[in-house]
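Undergrad: heads up, no residue letters with this:
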């Protein structure tokens, strides 16, 4: 009996020590990655302002691309697959080099300085993941604990840049393997996310927030309209994923040399910008999302943003896909609202979260980010739209390294990569 009691005490002490360890390292990760994310956020603000004040910088985009490719060649990281590498490092143990952090940091700033169409969260996930993995290596963590540190870093970076700690904490656990969540990382991810958000706020990084001034009553009629919007958003999210993946393949088919590929992509983007006659689709496009929330958007805006982003990222420029998916969703939702006469502002918000869910296959994160960006008044609309978008977007996704563990339609174990 005494031996059993001693064993239980020893086991409890071990669990307590493990819990303390993860809290300590989550705090450390939150501080380090939070500072890096804050610095990156300020860098993004500076280069965006420079681009707006100096429109001629767009014509240097092809040369900016050469700098990016040359940087990756210089540091022997030519086969970098971006966020896909971070995800595969978690579920298959692939190497995640620390040099990814400065490379993605600088190359994303270069992309945005010269007018590439991309987001910033791709840089955040890669920046946070590589720093988290680096901290794990520094303290001689085993492989499984390093995976948790990678998720910690991803959550911290996402939280620092977007100011959405709830969604950031869950996203890194949910995005790796659709259908299951790595709950062992829950406390570390939550703590690192909250710490990083506090660090960013203390330096004056403002969170993205949109206010829904009037939310229509949730009725059978409004539910049907939002369901229709969600179905269409699922189709748009599939189109977005196909465009992104096919553009990369087309570039590689016609331009096998990466320098020629990125230079050509920069030239194509310049031509597209001149043809459209607007700079709205260069950069992240957060200002256009704000216009969508006010019910004002060009009908073709969602298609143009997908095209600009596919041309940019497919060529080899660096950045993320999530903010462009927000842009696409907001523009499409606003268009739907204007055509149907049903609250363009609410439809913009619903479109953002529905397409985000469709391209990431992360319904819980999508619901949480809708609460953090728009408040809780539109909860039934977001809940309904996210559910339908998740189910109807099939097995497409932004990240080829993401695995669908369980079917979206049956309780079947399928363990397949996204299309």
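TA: Now that the structure is in, tell me what you want to look at. Only a predicted model underlies this, so the values are computations on that prediction, with no experimental measurement involved.
Undergrad: contacting residues for residue 194?
TA: By C-beta atoms under 8 Å, 6 or more residues apart in numbering, residue 194 lies in contact with 30, 159, 165, 169. For every residue, glycine as well, the C-beta is placed using N, CA and C.
Undergrad: relative to residue 131, how far out is the third one?
TA: Taken as C-beta to C-beta, to the nearest Å, the spacing of residue 165 relative to residue 131 amounts to 18 Å.
Undergrad: before we move on, what about the second one?
TA: Residue 159 sits 14 Å away from residue 131 when distances are taken as C-beta to C-beta.
Undergrad: swap in the first one?
TA: Residue 30 sits 11 Å away from residue 131, going by C-beta to C-beta.
Undergrad: more neighbours, these two?
TA: Neighbour count, other C-beta atoms under 10 Å: between residue 30 and residue 131, residue 30 has more, with 31 against 27.
Undergrad: thought the more buried one was touching residue 190?
TA: No: counting by C-beta atoms under 8 Å, residue 190 is not a contact partner of residue 30; they are 9.9 Å apart.
Undergrad: so the residue lying closest to residue 22 once chain neighbours are set aside is in which element?
TA: The shortest distance from residue 22 to any non-neighbouring residue, by C-beta to C-beta, 6 or more residues apart in numbering, is to residue 188 (4.6 Å). Element membership of residue 188 [criterion: DSSP states H and E] is helix 186-202.
Undergrad: show me what counts as buried in that helix.
TA: 186-197, 199-200 (16 or more other C-beta atoms under 10 Å).
Undergrad: residue 280 contacts residue 301, doesn't it?
TA: Yes: here residue 280 reaches residue 301: they are 7.3 Å apart, a contact under C-beta under 8 Å.
Undergrad: what's the distance between residue 418 and residue 217?
TA: Applying C-beta to C-beta, the value for residue 418 to residue 217 is 37 Å.
Undergrad: cool, and residue 176?
TA: Noted for residue 176: a distance of 38 Å to residue 217, by C-beta to C-beta.
Undergrad: pick out whichever of these two has more residues nearby.
TA: Using other C-beta under 10 Å, the more surrounded residue of residue 176 and residue 217 is residue 176, with 27 against 7.
Undergrad: if I pick the more buried one, what's in contact with it?
TA: If a contact means C-beta under 8 Å, 6+ apart, then residue 176 has 87, 90-91, 151, 182, 402-403 as its contacts.
Undergrad: same check on residue 272?
TA: 281, 307-308, 311.
Undergrad: ok, now how distant is it from residue 281?
TA: Distance of residue 272 to residue 281, computed by C-beta to C-beta: 8 Å.
Undergrad: geometric centre of this protein: which residue is closest?
TA: Nearest residue to the geometric centre of the chain (C-alpha atoms, centre = their mean): residue 322, 4.0 Å.
Undergrad: correct me, but that residue touches residue 362?
TA: No: counting by C-beta under 8 Å, residue 322 stays clear of residue 362, with 10.3 Å between them.
Undergrad: so what sits against both of these two?
TA: Counting by C-beta under 8 Å, 6+ apart, the common neighbours of residue 322 and residue 362 are residue 356.
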